[in-house]
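Asker: Sequence first, then the predicted structure:
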Amino acid sequence: MKREVDKSVNALKKLLKPLVDGKCTESQLDLDLGDEIGFSLEKVMFTSEDRNLIIVTPDRPEKSAVIGKGGWVVGRLREELGVNSIHVEANTDILIRKYRMELAEKRLNNIMPLFDEKERKPLQNLQKLLKARIENVYQAGSVLKDLPEKPESKTPMAMVALSGGVDSSFSLIIAKIMGFNPIAVTVNPGEIILPKYFQRNVESLSGRLNVKHEYLEVDMSQVITDALEGKIHPCGRCSETIEKTLMEHAKQLKIPFLIFGDFLSTGAQSILLKDGVWRINMPAMLCATKGETKDLAGRFGVENIGVYGCPLINEVHKRHSHMARFSVQRILRETRAGVLEPGEALGLIKKSI
């Protein structure tokens, strides 16, 4: 094992050291490492300002080889090159994300005539953001840095479901920057589902963005009781109740867009008309990664709690171990969609069982 790690690290270091030291450009690199490690790299990018390195491999097997078991190869390589970080991506995953963003962009273009000029403006801003991420697909994350804030409409154009996690926080930040003039709404079923640390994130972010925020109280006592007794897995019923509550509130306020922090459904399905309200899954539309949502939310002071689910689901797992398999299925669904890295998924699975 050590010999294989040394061989990979030495070959990659020999290739990348001149780039990191500023002695050559990315286009001058010979990415054919077939003789040394058995495959070629697709693309390499290095930013000298933050000393971050991106390595793009043809597919996931090559990505796994560059990372190495337990991250040994990429960890050693980072140390020997003296860079701050190395991010390894599979080109197949990047091309899928690009295609999904193209589908979302086309969807926005097709439905744009359905909106008046006031409603259309933030959607046009979203289109521009999508286009920029598509054009810079290998460095899409850089597009989310220092985004200029767009002029807001005078009336709220969107309601954002804000749970206090990084994904919903990401969605509120993007909605604010894109000019939706959003209001943030948090459905509060009680601390066993919405603990205090999430509430702190909700209130802190809303204040920092100068966004109006409100709590909606709901009675989820039956769901909680059934879950604790092992009769149901609570996530589906909980999500259904929250979405229904938010949908009714959006209709009551006559707000045309309801934005969630969901990673699925992607592409054209990331914006759909439902019961007279346009439902947008913001991270799914932008094909954001978990890393991107954490990074953007973190820049606005959102604390990444690093726990799986809510206190209720963790208590259900303790009392009824068989329920964990349904949580694992949810994690695997996001992994198959490319939202979660296998290592991230493994960590979440360990926390749920």
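Answerer: The structure has been received and is ready for your questions. Computed from a prediction, not measured in an experiment: that's the story for all the values here. Residues are numbered from 1 along each chain as shown.

Asker: May I see the buried residues of the helix or strand harbouring Met101?
Answerer: Using DSSP states H and E, Met101 maps to helix 91-111. For helix 91-111, burial by neighbour count (16 or more other C-beta atoms under 10 Å) applies to 91-94, 96-98, 100-105, 107-108, 111. (C-beta placed from N, C-alpha, C; glycine too.)

Asker: Does anything pack onto the helix or strand just after it? Which helices or strands?
Answerer: Later in the chain than helix 91-111, the nearest helix or strand by DSSP H and E is helix 117-135. Applying 3 or more C-beta pairs under 8 Å, 6 or more residues apart in numbering; DSSP states H and E, one finds that helix 117-135 contacts helix 91-111, helix 140-143.

Asker: Taking their axis directions, the first one and helix 117-135 sit at what angle?
Answerer: Going by axes from the mean of the first three to the mean of the last three C-alpha atoms, to 10 degrees, helix 91-111 is angled at 160 degrees with respect to helix 117-135.

Asker: By mean pLDDT, point me to the weakest helix or strand of the protein.
Answerer: Within the chain, confidence by mean pLDDT, DSSP states H and E is lowest for helix 342-352 among all helices and strands, at a mean of 80.

Asker: how near is the nearest residue to Gly309 once chain neighbours are set aside to Ala161?
Answerer: Spatially, and ignoring its direct neighbours in sequence, Gly309 is nearest to Ser327 (6.9 Å; C-beta to C-beta, 6 or more residues apart in numbering). According to C-beta to C-beta, to the nearest Å, Ser327 and Ala161 sit 21 Å apart.

Asker: Equivalent analysis for Ala11, please.
Answerer: Distance of Ala11 to Ala161, given as C-beta to C-beta: 47 Å.

Asker: of these two, who's got more company?
Answerer: Higher neighbour count among Ala11 and Ala161: Ala161, with 24 against 16, using other C-beta atoms under 10 Å.

Asker: How confident is the prediction for that one, by pLDDT?
Answerer: The pLDDT attached to Ala161 in the predicted structure is 98.

Asker: Identify the residues contacting the helix or strand hosting Val44?
Answerer: Under the criterion of DSSP H and E, Val44 resides in strand 43-47. With contacts defined as C-beta atoms under 8 Å, 6 or more residues apart in numbering, strand 43-47 is touched by 15-16, 19-20, 26, 29, 31, 52-56, 83, 91, 138-139.

Asker: Using neighbour counts, trim those to the buried set.
Answerer: For those, buried by 16+ other C-beta under 10 Å: 15-16, 19-20, 31, 52-56, 83, 91, 138.

Asker: quick revisit: tell me the buried residues in the strand holding Val44?
Answerer: Lys43, Val44, Phe46.

Asker: Now do that strand against helix 91-111, angle only.
Answerer: Going by the same axes, to 10 degrees, strand 43-47 makes 80 degrees with helix 91-111.

Asker: Contacts for the least confident helix or strand of the chain next, please.
Answerer: By C-beta under 8 Å, 6+ apart, helix 342-352 touches 71, 290, 307-309, 313, 317, 324, 327-328, 331-332, 334-335, 340.
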